[in-house]
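Trainee: one predicted model, sequence on top.
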Amino acid sequence: MSGKVMVSKDLKTVKMVNGAWSQTFPASNIESQLAFYRGLAERRAGASAACYQYAIDGLERALERVKGEGGA
């Protein structure tokens, strides 16, 4: 299952959802979350690394959105 990364309308929080799992954190933590998921992907090989790609792509888009709006 492919997950989702969503930024709140006020650009203050980010929610990640993947199946039954979800996490919400302040938008100011996007960069640290992005580093975390990039690290996980680097430590895993092949298909296992691919399971983190939704998080990496989504967090990159979220960071662009928040920074583009004058946030984090």
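Mentor: That came through fine.

Trainee: what's the distance between Arg61 and Cys51?
Mentor: Distance of Arg61 to Cys51, given as C-beta to C-beta, to the nearest Å: 18 Å. Where C-beta positions appear, they are placed from N, C-alpha and C, glycine not excepted.

Trainee: one more: Leu34?
Mentor: Counting by C-beta to C-beta, the gap from Leu34 to Cys51 is 16 Å.

Trainee: longest helix in this structure, please.
Mentor: helix 53-68 (DSSP state H).

Trainee: contacts for it, please.
Mentor: For helix 53-68, the external contacting residues (C-beta atoms under 8 Å, 6 or more residues apart in numbering) are 2-7, 11, 14, 16, 18, 27, 30-31, 33-34, 37-38, 41, 72.

Trainee: Leu34 and Cys51: which is more packed in?
Mentor: Neighbour count, other C-beta atoms under 10 Å: between Leu34 and Cys51, Leu34 has more, with 18 against 15.

Trainee: what residue lies at the spatial centre of the protein?
Mentor: By C-alpha atoms, centre = their mean, the chain has its centre lying nearest to Leu59, at 3.2 Å.

Trainee: dump the longest helix of the chain to CSV, restricted to CA.
Mentor: C-alpha atoms of helix 53-68 as CSV (Å, rounded to 0.1, in the frame of the first residue of the first chain):
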residue,chain,number,x,y,z
GLN,A,53,9.8,6.4,-1.2
TYR,A,54,6.3,7.7,-0.7
ALA,A,55,7.5,9.3,2.5
ILE,A,56,10.6,10.8,0.9
ASP,A,57,8.7,12.2,-2.1
GLY,A,58,5.8,13.4,0.1
LEU,A,59,8.0,15.1,2.6
GLU,A,60,10.0,16.8,-0.1
ARG,A,61,6.7,18.2,-1.6
ALA,A,62,5.6,19.2,1.9
LEU,A,63,8.8,21.0,2.6
GLU,A,64,8.6,23.0,-0.7
ARG,A,65,5.0,23.9,0.1
VAL,A,66,5.7,25.1,3.6
LYS,A,67,8.9,27.0,2.6
GLY,A,68,7.1,28.5,-0.4
